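[1] Fold the following.
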Amino acid sequence: MNHRMKRLLRLAALLLLAALLAGCGQQAASDTDGQQAQTALPAEGITALSLSDDRQVMRFRRDGETWYWQDDETFPLDQSAMPALLEAAAAMTAAAPVQDPQELSAYGLDDAQTSLSVTADGETLTFTRGDQAASGDWYLRCAEDESVRMVSDNAVKVFQLLDGSVYDLAVLPQLPAVTSDTLRAAAIQGAAGDPIHIRTVDGARKVGTRDVTAQTAALMTELSQLAVTACVDYDPAEGAAAVCGLDAPDAVLTVTYAAGGKEETLTLTVGAPIGNGGRYVTLSGDASIYRMEETSLVQLLTLAETGLN
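    Purely as a prediction, here's the structure:
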């Protein structure tokens, strides 16, 4: 399964959670008294939440109707992903406590490190995830009242975000669909050799006076479907470009195209392979490092390496 599919599935799972959890206070009848916890917080009142394990912490806060990643509030956080997180958090606060609980070790809570903290109306509650019960529900421990609770598997799926990174919640830039009708010029530079300069002249694509319309048909298909599939590094540190092979790229594409009655220019720099069929890329006017699938760059990379025959 490629990275783009994994990311889409993760976001789809979050959206599904919002539907599954809306209005639900989850509990396991066999282990609880059926009473909701007194600490229940409504999803609409939540103003901050965080997810953490032994590897990372993701912190989010709300200002008005907008949610922000607290580590960098310029980060383009996908607002559509937040309702599922809020409903999961609300379900945990509403979960009923286990009656006459045993030792924490009986629930996998004695050394648990995966947790969610939620703040509403100035009150913060922190829930640590334990083991999964035979019913399919999960044990939680509320740090503030020291209760052991049970919550549905649907709510606990929110912790799957910790399997990736906060960059999985980024709104990705949308690239233009450059077609034969909108292409004005393109330049392709490989790691070695001279660049290829392509111009559109009277509906034909030419290099100098040579007609290369047929030879560049596959390239045009790629240009019409360019898409980044993941944010790899939103704010790269010094030296990140070299690590990703972007200081000596395998291909640099600069394309000029018509859009909205004027000409626009996009530069795409293609670096080293990521693994699982991806490539590190950067876009003009954007400091972030993204992933593109190598299958969408075959013609570009071929032309950058071998030129036009």
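
[2] what comes into contact with stretch 188-199?
    Stretch 188-199 has contacts (Cβ atoms under 8 Å, 6 or more residues apart in numbering) with 183-187, 205-207, 212, 216, 248-253, 300, 303-305, 307-308. All C-beta spots, glycine's among them, are computed from the backbone N, C-alpha and C.

[3] So which of those residues belong to strands?
    Per DSSP state E, strands hold the following members of the contacts of stretch 188-199: 183-187, 205-207, 251-253.

[4] Just give me the closest of these to Val270.
    Closest approach between these and Val270, by Cβ to Cβ: Ala251, at 4.3 Å.

[5] so the closest one bridges to which residues?
    Using DSSP bridges, the beta-bridge partners of Ala251 come out as Gly190, Val270.

[6] Now do the same contact list for it.
    Going by Cβ under 8 Å, 6+ apart, Ala251 touches 188-191, 268-270, 297, 300-301, 303-305.

[7] can you rerun that using 6 Å?
    Contacts for Ala251 (Cβ atoms under 6 Å, 6 or more residues apart in numbering) come out as 190, 270, 300-301, 304.

[8] mind putting those in TSV, distance to Gly136 included?
    Converted to TSV, those look like this (distance: Cβ to Cβ, whole Å):
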residue	distance to Gly136
Gly190	54
Val270	45
Leu300	47
Leu301	47
Ala304	52
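
[9] In stretch 242-256, which residues are buried?
    Residues 244-246, 249-256 are the ones in stretch 242-256 that count as buried (16 or more other Cβ atoms under 10 Å).

[10] Under a three-state scheme, what state does the residue nearest to the spatial centre of the chain occupy?
    Nearest residue to the geometric centre of the chain (Cα atoms, centre = their mean): Asp168, 1.7 Å. Assigned with DSSP: H, G, I helix; E, B strand; the rest coil, Asp168 falls in the helix class.

[11] What distance do you get for Thr128 to Asp54?
    Per Cβ to Cβ, to the nearest Å, Thr128 is found 12 Å from Asp54.

[12] These two: which is more packed in?
    Neighbours per residue, other Cβ atoms under 10 Å: of Thr128 and Asp54, the larger number sits with Thr128, 20 against 7.

[13] dump the residue contacts of the more buried one.
    112, 115, 141.
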